[in-house]
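A.B. asks: below is the sequence, then the predicted model.
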Amino acid sequence: MSARGFFNAGVRLLAVWFWTQAAYWAYWATLKAFGTGLGNPAVPSREDVAVASLNLFLGLFLFVGARALTWLAFGDAPKEPSAIANSSADTTPNDAQPR
């Protein structure tokens, strides 16, 4: 796998990590909302929901925009050798008649 592929996989893995963080914060917000007494009492439930929402949207942005971020980091993808060879294979003029 090339550096481009590793970068793309890393961006997607980072998106999954943000989603796990969103689930973590949503879990604590749910426990606090039901009044279980668990969790950090200095952090209000609304803040847990806000952090969970932010992580959810960051993960979605990274997962959907992984190709664009890879393009920004590495530029255009190199062309395949077979695609270059096929594009120059047709050198006959358009008005030539096949026999």
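C.D. replies: Nice, thanks for sending it over.
A.B. asks: going forward, measure contacts and count neighbours with C-alpha atoms only.
C.D. replies: Fine.
A.B. asks: now do the same contact list for the residue nearest the centre of the chain.
C.D. replies: With distances taken as Cα atoms, centre = their mean, the chain has residue 63 as the residue nearest its mean C-alpha position (2.1 Å). Residue 63 sits next to 11-12, 15-16 when contact means Cα atoms under 8 Å, 6 or more residues apart in numbering.
A.B. asks: do that again at 6 Å, thanks
C.D. replies: Contact analysis of residue 63 by Cα atoms under 6 Å, 6 or more residues apart in numbering lists 12, 15.
A.B. asks: got a pLDDT number for it?
C.D. replies: Residue 63 carries a pLDDT value of 95.
A.B. asks: now it: how far from residue 56?
C.D. replies: 11 Å (Cα to Cα, to the nearest Å).
A.B. asks: determine the longest helix present in this structure.
C.D. replies: helix 3-33 (DSSP state H).
A.B. asks: any buried residues in that helix, and which?
C.D. replies: Judged by neighbour count using 16 or more other Cα atoms under 10 Å, the buried positions of helix 3-33 are 4, 7-8, 11-12, 14-16, 18-23, 25-29, 32.
A.B. asks: packing partners for that helix?
C.D. replies: Counting contacts by 3 or more Cα pairs under 6 Å, 6 or more residues apart in numbering; DSSP states H and E, helix 3-33 is packed against helix 45-64.
A.B. asks: relative orientation of the helix it packs on and helix 3-33 in degrees?
C.D. replies: If you take axes from the mean of the first three to the mean of the last three Cα atoms, to 10 degrees, helix 45-64 sits at 160 degrees to helix 3-33.
A.B. asks: show me where pLDDT drops low in the chain?
C.D. replies: By pLDDT under 70, the weakly predicted segments of the chain are 82-99.
A.B. asks: check which helix or strand residue 76 maps to.
C.D. replies: Secondary structure from DSSP states H and E places residue 76 outside every helix and strand.
A.B. asks: tell me how many other residues surround it.
C.D. replies: Residue 76 has 9 neighbouring residues, counting by other Cα atoms under 10 Å.
A.B. asks: against residue 27, how distant is it?
C.D. replies: From residue 76 over to residue 27 the distance is 41 Å, taken as Cα to Cα.
A.B. asks: lovely, talk soon.
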